[in-house]
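A.B. asks: give me a model of this one.
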Amino acid sequence: MTMTVTGTGTGTRGEGDADRQPAGRNARGRRGMIVAPHGLAAEAGHAVLKAGGNAIEALIAAGSALAVVYPHFCGLGGDAVWMLSDARGDVTSLLGIGQAAENVSGVTALPPRGPASTLTSACLVDGWGRLLDLSRDRWGGAQTLSQLLEPAILLADEGFVVSPSQRFWWDFRAAERASWPGFEARFVGQGLQRQPALARTLKRIAAHGPREFYEGALAAEIAAGLAAVGSPLTARDLASTEARFETPLRLAYRDLMLYAPPPPTQGVTTLGIMGLLAHFAPDEMASEGADFYHHLVEAVKQAFLDRGQIADPDFVAAGAFDPLLDPARLAAKAEAVNPQSARPWPDVYRHGDTAFLAAVDAEGRSACVLQSLYYDWGSGVMVGDTGLLWQNRGAGFSLDPASPNRLQPGKRPFYTLNPGLALRNGRPHLLYGTQGADGQPQTLALLLSLLIDHGLDPAEALSRPRFLLGRTFSDGRDTLKLERNAGEDVVAGLSSRGHIVSMLDHFSPLGGQAGIIRMDDDGVITGAHDPRSDGGAIAL
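C.D. replies: Numbers count the residues shown, from 1 in each chain. Coordinates of the predicted model:
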């Protein structure tokens, strides 16, 4: 496999059979599509599709490459949540979510960084193994993990030019990063980034399989590295880490069936927002008007009132989440929305940064995934000499003994990742997802309404002004953040309804990095990645 490793790989045209488009522009084709937040990850996935690989194989190649070139947002020391569908519309989800350590009973604080934040195992790598089993058994997959990891290993060994996104988050954490164990020796803020220790780890996984990360000699090295920095995670915790195939949630919206991953993810929140929007006829509102944004925002608030109930299903009563999407409940919530008045923002702020990728192959099989370390740069903790930056997803737990999401040994935390998939006439039609913790359901609801209710294409929807409710890392006020290009009329209309609006820059990093692939009945596949990202789309 040949790759360019000295740039971002976002040129507008590549080989003759590929439509390559940079962030914010549509690519179109009929034989496959890959979208990713970094051009080199997109190239890795495209090479697999071009060679006849399927969508799962393409995303493992792209996702492993992304774990190298986007180290501030995702990595092998983190998790991943997948949505999958074959061409006939058989939809499933894979929750690659690490569980809390066995030894957390004495934890009295949930710090966002440092060794005490490394409370949960990392499940991304185990997900690769389970997905390749499905790929081989049901999707005709023939690629080995060793083959699929080649681009990531090459990038880690030879290096790549630091992306604008990595540079931004490196600079933003300048005051903190010196205190993170082993961190500053591994990463740079500009120029060539190499990760030789991570390359060695990837080679060991390629040679021995995904369970090497959890039960082999590599697992022993990881456990020793975690113990050395004071993490509660042990070799037993690694060995008990397993990704799970789960039945996704679904909700009918207009002529589509929307699918989302189940709890402990907030997929139910995204579907709840869409269930509320169905009562407001957003297709009759101007898509750039204050009325449209007001109803979206108020639907988000109503759905977020239930978000505190989401927790690991293994630790709550059976059927605990069923009422959240009950049609009568959603209708009552919609009735509670005042079309002329804003209600207060009800939710506690959660930080989080992730990376979204999606692919469609020549047979119409579809996959999308969100990979994450939780916060930008995760816990900030490097694990021994493995090159692994560990996640801080344990910060998603609660210490309130009355909370369904309270910290318990072996429990999976409330999870912000919720990539989505939609069927039309029983076949895959949309793949979508975004970075952004609290912002994920908000951005997805906006994008889905623009796509479904207003008929925008992926690039058009991704380029529209975003909103974000609540606090952010740079603004502790519970205001409605709105990108400046929404215009003065929208701001005035929202303010007149009682929204306290604060402005974000056009294409602000706070708007998240989303991606969309749309498959139409005529066989045309259209895809784009966010203009706020460093990636793009490549079609075959």
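A.B. asks: what about the residue nearest the centre of the chain, which SS state?
C.D. replies: What sits nearest the mean C-alpha location of the chain, by C-alpha atoms, centre = their mean, is Leu370, with 3.0 Å. With DSSP: H, G, I helix; E, B strand; the rest coil as the basis, Leu370 sits in strand.
A.B. asks: distance of it relative to Ala219?
C.D. replies: 25 Å (C-beta to C-beta, to the nearest Å). For every residue, glycine as well, the C-beta is placed using N, CA and C.
A.B. asks: what's the answer for Ala87, then?
C.D. replies: Taking C-beta to C-beta as the measure, Ala87 falls 37 Å from Ala219.
A.B. asks: now swap in Pro282 and tell me
C.D. replies: 49 Å.
A.B. asks: again, but for Ala207
C.D. replies: For Ala207, the distance to Ala219 - C-beta to C-beta - is 14 Å.
A.B. asks: who's in contact with Glu176?
C.D. replies: Neighbour list for Glu176: 113, 380 [criterion: C-beta atoms under 8 Å, 6 or more residues apart in numbering].
A.B. asks: related to what we said a few turns ago, compare Pro282 and Ala219 and say which is more crowded by neighbours.
C.D. replies: Between Pro282 and Ala219, Pro282 has the larger neighbour count (other C-beta atoms under 10 Å), namely 22 against 17.
A.B. asks: which ones are touching that one?
C.D. replies: By C-beta under 8 Å, 6+ apart, the contact list for Pro282 reads 292, 295-296, 449, 453-454.
A.B. asks: quick check: phi and psi at it.
C.D. replies: Pro282 has phi and psi values of phi -60, psi -20 when expressed as degrees, to the nearest 10.
A.B. asks: swap in His38?
C.D. replies: phi -130, psi 140.
A.B. asks: in the stretch 51-200 of the chain, which spans are strands?
C.D. replies: Taking DSSP state E, counting those that start in this stretch, the strands of the stretch 51-200 of the chain run over residues 79-85, 91-96, 160-161, 192-193.
A.B. asks: and Gly384, how many neighbours?
C.D. replies: So Gly384, with other C-beta under 10 Å, has 17 neighbours.
A.B. asks: that should have said Ala65, apologies.
C.D. replies: Applying other C-beta under 10 Å, we find 31 residues neighbouring Ala65.
A.B. asks: I figured it hits Leu155, correct?
C.D. replies: Yes: judged on C-beta atoms under 8 Å, Ala65 makes contact with Leu155 at a distance of 5.9 Å.
A.B. asks: overlap in contacts, those two.
C.D. replies: Contact with both Ala65 and Leu155 is made by residues Leu40, according to C-beta under 8 Å, 6+ apart.
A.B. asks: end-to-end on stretch 31-39?
C.D. replies: Using C-alpha to C-alpha, to the nearest Å, the end-to-end distance of stretch 31-39 comes to 19 Å.
A.B. asks: that one: how far from the chain's middle?
C.D. replies: Its chain's C-alpha centre and that of stretch 31-39 lie 15 Å apart, by C-alpha atoms, centre = their mean, to the nearest Å.
A.B. asks: so for that stretch, mean pLDDT?
C.D. replies: Mean per-residue pLDDT for stretch 31-39: 97.
A.B. asks: equivalent analysis for stretch 50-65, please.
C.D. replies: 98.
A.B. asks: can you pull the contacts of the residue lying closest to Pro531 once chain neighbours are set aside?
C.D. replies: Setting aside the residues directly before and after it, Pro531 is nearest to Gly24 in space (C-beta to C-beta, 6 or more residues apart in numbering), at 3.0 Å. Taking C-beta under 8 Å, 6+ apart, we find Gly24 in contact with 459, 462-463, 528-531.
A.B. asks: mind redoing it with 10 Å?
C.D. replies: 458-460, 462-463, 507, 528-533, 535-537 (C-beta atoms under 10 Å, 6 or more residues apart in numbering).
A.B. asks: please apply the same query to Pro112.
C.D. replies: Shown in contact with Pro112 (C-beta under 10 Å, 6+ apart): 176, 351, 374-375, 378-380, 392, 394-395.
A.B. asks: most surrounded residue in these?
C.D. replies: Comparing the contacts of Pro112 by number of neighbours (other C-beta under 10 Å), Ser379 comes first, having 33 neighbours.
A.B. asks: what sits against the residue nearest to that one when sequence neighbours are not counted?
C.D. replies: Spatially, and ignoring its direct neighbours in sequence, Ser379 is nearest to Asn392 (3.9 Å; C-beta to C-beta, 6+ apart). Contacts for Asn392 were tallied using C-beta under 10 Å, 6+ apart; they are 77-78, 110-114, 116-120, 351-352, 373-375, 377-381.
A.B. asks: so what sits opposite Ala36 in the bridge?
C.D. replies: Ala36 forms beta bridges with Gly536, as assigned by DSSP bridges.
A.B. asks: what's the spacing between it and Gly77?
C.D. replies: 20 Å.
A.B. asks: go on, Met83?
C.D. replies: Taking C-beta to C-beta, one finds Met83 at 23 Å from Gly77.
A.B. asks: which of the two has more neighbours?
C.D. replies: Ranked by neighbour count (other C-beta under 10 Å), Met83 and Gly77 place Gly77 first, with 31 against 27.
A.B. asks: so what pLDDT did the more buried one get?
C.D. replies: So Gly77 comes in at 98 (pLDDT).
A.B. asks: how far away is Leu276 from Tyr253?
C.D. replies: 11 Å.
A.B. asks: okay, strands next: where are they in the stretch 401-540 of the chain?
C.D. replies: Using DSSP E, counting those that start in this stretch, the strands of the stretch 401-540 of the chain run over 420-424, 427-434, 467-469, 480-483, 501-504, 514-519, 525-529, 536-539.
A.B. asks: got a markdown table for these, with mean pLDDT and mean neighbour count too?
C.D. replies: Converted to a markdown table, these look like this (pLDDT from 0 to 100; neighbours: other C-beta atoms under 10 Å):
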| stretch | mean pLDDT | mean neighbour count |
| --- | --- | --- |
| strand 420-424 | 98 | 25 |
| strand 427-434 | 97 | 26 |
| strand 467-469 | 91 | 24 |
| strand 480-483 | 93 | 22 |
| strand 501-504 | 92 | 17 |
| strand 514-519 | 97 | 29 |
| strand 525-529 | 97 | 28 |
| strand 536-539 | 97 | 31 |
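A.B. asks: okay, those in JSON lines with distance to Ala47 next?
C.D. replies: Below are the strands of the stretch 401-540 of the chain laid out as JSON lines (distance: least, C-beta to C-beta, whole Å):
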{"stretch": "strand 420-424", "distance to Ala47": "24"}
{"stretch": "strand 427-434", "distance to Ala47": "20"}
{"stretch": "strand 467-469", "distance to Ala47": "35"}
{"stretch": "strand 480-483", "distance to Ala47": "35"}
{"stretch": "strand 501-504", "distance to Ala47": "36"}
{"stretch": "strand 514-519", "distance to Ala47": "18"}
{"stretch": "strand 525-529", "distance to Ala47": "16"}
{"stretch": "strand 536-539", "distance to Ala47": "10"}
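A.B. asks: so which of these is nearest Trp128?
C.D. replies: Relative to Trp128, the nearest member of these by C-beta to C-beta is strand 427-434, separated by 18.3 Å.
A.B. asks: can you state the direction angle for that closest one and strand 79-85?
C.D. replies: Put simply, strand 427-434 runs at 160 degrees to strand 79-85, going by axes from the mean of the first three to the mean of the last three C-alpha atoms, to 10 degrees.
A.B. asks: my read: Ser105 touches Leu407, true?
C.D. replies: Yes: with contact defined as C-beta atoms under 10 Å, Ser105 reaches Leu407; the gap is 9.0 Å.
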